[in-house]
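Colleague: Need the 3D shape of this:
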Amino acid sequence: MFGLVPFGSKKNNEVARREDGFHSLFDIFNEPFFTNPFAGFGDMGMPASMRVDVKDNGSSYELTADLPGMEKKDISLSYDNNYLTIEAHRDESSDQKDNQGNYIRRERHTGTISRSFYIDNIDETGISAQFNAGVLKVVLPKAPEVQRHSRIEIK
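Modeller: Numbers count the residues shown, from 1 in each chain. Presented below is the predicted three-dimensional model:
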């Protein structure tokens with residue numbers, strides 16, 4: 001709204017900027033390539049977010065995470081201070097060479113995705129995980145509930 005007001009700073013007035021040849025030279029730096037250097041590279045092989053389902057089976061929780069294109073070696077899983085953390089990392093490179101073996105183009109993509117979940121009252125020794133066809137399944141058995149009830153003496 002204030003960019004249309006005919007007084008004040010011209011840098012916020014789009015009409016004035018287009019008429020000013022000097023300032024319009026710098027408009028190229030507002031293009032997506034300069035504001036987001038990875039805009040042209042798509043998702044670089046990494047999902048934007050990790051899709052996760054958490055199911056309560058009564059005696060355990062079952063967590064299912066979709067990690068398409070990942071391999072078992074790319075994934076780490078930890079349970080620390082009641083937080084289950086899933087982290088996946090991928091390094092990928094592609095080369096195109098001419099007849100002499102010189103690079104015409106060489107691109108490297110790297111990415112990490114991570115999710116953490118607060119899940120308490122878990123039997124840490126019984127946690128199990130399987131990874132198959134891009135899907136990670138984690139079973140977290142519940143610890144027996146401890147009844148915390150005590151009488152307090154009034155003095």
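Colleague: Cross-check the contact I'm expecting between residue 84 and residue 62.
Modeller: No - with contact defined as CB atoms under 8 Å, residue 84 and residue 62 do not form a contacting pair (11.9 Å). (Glycine included, C-beta is placed from N, CA and C.)
Colleague: The two: which has the busier surroundings?
Modeller: Between residue 84 and residue 62, residue 84 has the larger neighbour count (other CB atoms under 10 Å), namely 21 against 13.
Colleague: which residues are in contact with the helix or strand hosting residue 109?
Modeller: Using DSSP states H and E, residue 109 sits in strand 103-118. Strand 103-118 is contacted by residues 41, 44-47, 49-50, 52, 54, 63, 65, 82-98 when judged by CB atoms under 8 Å, 6 or more residues apart in numbering.
Colleague: List the residue ranges of this structure that fall below the pLDDT cut-off.
Modeller: Where the chain drops to pLDDT under 70, the residues are 1-48.
Colleague: Which stretches in it count as strands?
Modeller: Listed in chain order, the strands found in the chain under DSSP state E are 51-56, 60-66, 75-80, 83-97, 103-118, 128-132, 135-141.
Colleague: of all the ones you listed, which lies closest to residue 150?
Modeller: Set against residue 150 and scored by CB to CB, the strands of the chain come closest in strand 103-118, at 26.4 Å.
Colleague: Enumerate the beta-bridge partners assigned to residue 78.
Modeller: Beta-bridge pairing for residue 78 (DSSP bridges): residue 85.
Colleague: Ignore what I typed, I meant residue 63.
Modeller: In beta-bridge terms (that is, DSSP bridges), residue 63 pairs with residue 54, residue 138.
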